[in-house]
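Chemist: can you look at this prediction? I've put the sequence above it.
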Amino acid sequence: MQRIKDSFHNLRRKPAFTGFVLFVFALVLLIVLQGPYRFFSVRNINTLFLTSMPFLLVVIGQSVLLISGTLDLSIGLQVALVNVVTIMTVQEWGIPFLLGCLLGILAAMAASLVCWLFVSVFRLPDLLAGFALIFAIRGINLLIMPLPQGSIPMSFWMLYESRIFGFLPFSLLFLAFVLLIWAYLKRTKFGINIYAVGANPQNAFADGISPVKVQLQAFMFKGFVVGLAGICITLMSASGNPNQGEDLGLRSIAAGIVGGLTFGGWGTLACGIFGAGFFVLIQNSVRYFFDLIFSIFPQLGGVAVVTFWHNLFADFIIFLGLLMTIVTMKGQREALRVSIQSKYQIVRKHSFKKEGYYKDEY
């Protein structure tokens, strides 16, 4: 019994504990409301992943920035930028669709580079820089594509909606690709430095780490992941829309915090994934709940009333998730302190070895 209590205590101190608990709660709730047979059907699982994949990738990109100690409010409109660049270059220039996708990803990385310049080089507040970029990128999107338009070859959007071996959603390949890249990056110097910079950039700089360089790498990774999210939206909608995705900025930050991330030096991508999963599952659960209520009592209201209550209850549950994060934060503060100390010891060890005067007794 004591071993179980100790295991639970250690699990409670993990960064992703809150997000995991909320994710499991939302998952069980949706299974109950939708029904196990319908929820676990191959078609439903495939639809769930292909529609939520853009948001999931955006949260992963935002999570990397949060770990490094910054954020990007314009991340949602960067997804729309990828969409309009991909559609319009194929439509106007007649280039192959895959080349258009590559140009869309490069556009997202260019926008991330501009955000990095404002935040890390010019030292503007990240909220102010992101808010300004929202208007700038929105204008660029409308300049490129004034109205929703365009299409993509049928074979590509059909491939995105397909299933591998008859049951595995093809959209999962995007997530697996990003996680493989992150698994490699975690084993590099960047994987150590990003936590040091996020926790305390001044101390990291004193230990020989360049916060500007580390955040550049974080922004470039975010730009690449956002580019993939934009490709997913393009494949899902099979058309272009310059006005979509603006709310993804705040939602991705909220999902990361609900999942257990703090602002700088703490958390993992699992926090963002659990937080994004909680968002998606809760919104689906509330929708099924109100569909059930208004099918039984149709006199309660029309479409506008249903949408109002759906949004109200979904946002209220998400707010409760944020409160739960605050409650569990006390047990994680000590783990945060120990984690930062251990990471700084690793960083100092690498720094001393680089300078040639590291001693075993250090």
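Modeler: Alright, I've got the coordinates.
Chemist: would you map the helices across the stretch 1-150 of the chain?
Modeler: Listed in chain order, the helices of the stretch 1-150 of the chain (DSSP state H, counting those that start in this stretch) span 2-12, 17-34, 36-39, 42-68, 75-93, 97-116, 126-144.
Chemist: which of those helices is buried the deepest?
Modeler: helix 75-93 (a mean of 25; mean count of other Cβ atoms under 10 Å). The way it works is simple: take the backbone N, C-alpha and C, and place the C-beta from them, glycine included.
Chemist: which one is the most centrally placed residue in the chain nearest to, not counting chain neighbours?
Modeler: Centroid-nearest residue in the chain: Val59, 0.8 Å away (criterion: Cα atoms, centre = their mean). Closest residue in space to Val59, ignoring its immediate chain neighbours: Ala276 at 4.0 Å, by Cβ to Cβ, 6 or more residues apart in numbering.
Chemist: that neighbour contacts Ile257, doesn't it?
Modeler: No - here Ala276 lies out of contact with Ile257, judged by Cβ atoms under 8 Å, at a distance of 11.6 Å.
Chemist: which one of the two has more residues nearby?
Modeler: When Ala276 and Ile257 are compared for neighbours, Ala276 comes out ahead with 29 against 23, by other Cβ atoms under 10 Å.
Chemist: contacting residues for the more buried one?
Modeler: Ser52, Phe55, Leu56, Val59, Ile60, Ser252, Ala255, Gly259 (Cβ atoms under 8 Å, 6 or more residues apart in numbering).
Chemist: which parts of the helix or strand where Phe224 lies are buried?
Modeler: Element membership of Phe224, judged by DSSP states H and E, is helix 211-237. By neighbour count with 16 or more other Cβ atoms under 10 Å, helix 211-237 contains the buried residues 211, 214-219, 221-237.
Chemist: one step back: could you export the contacts of Ala276 as TSV, including pLDDT and distance to Ile105?
Modeler: Shown next, in TSV, are these (pLDDT from 0 to 100; distance: Cβ to Cβ, whole Å):
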residue	pLDDT	distance to Ile105
Ser52	94	20
Phe55	95	18
Leu56	96	17
Val59	95	18
Ile60	96	15
Ser252	92	18
Ala255	90	22
Gly259	86	25
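Chemist: from the residues you listed, which two are the most distant?
Modeler: Ser52 and Gly259 (14.5 Å; Cβ to Cβ).
Chemist: returning to that earlier point: what angle separates the helix holding Phe224 from helix 97-116?
Modeler: 140 degrees (axes from the mean of the first three to the mean of the last three Cα atoms, to 10 degrees).
Chemist: which pLDDT value does the model give the closest residue in space to Ala108 that isn't next to it in sequence?
Modeler: Nearest non-adjacent residue to Ala108, counting by Cβ to Cβ, 6+ apart: Gly227, 4.0 Å away. In this model, Gly227 is scored at 96, pLDDT.
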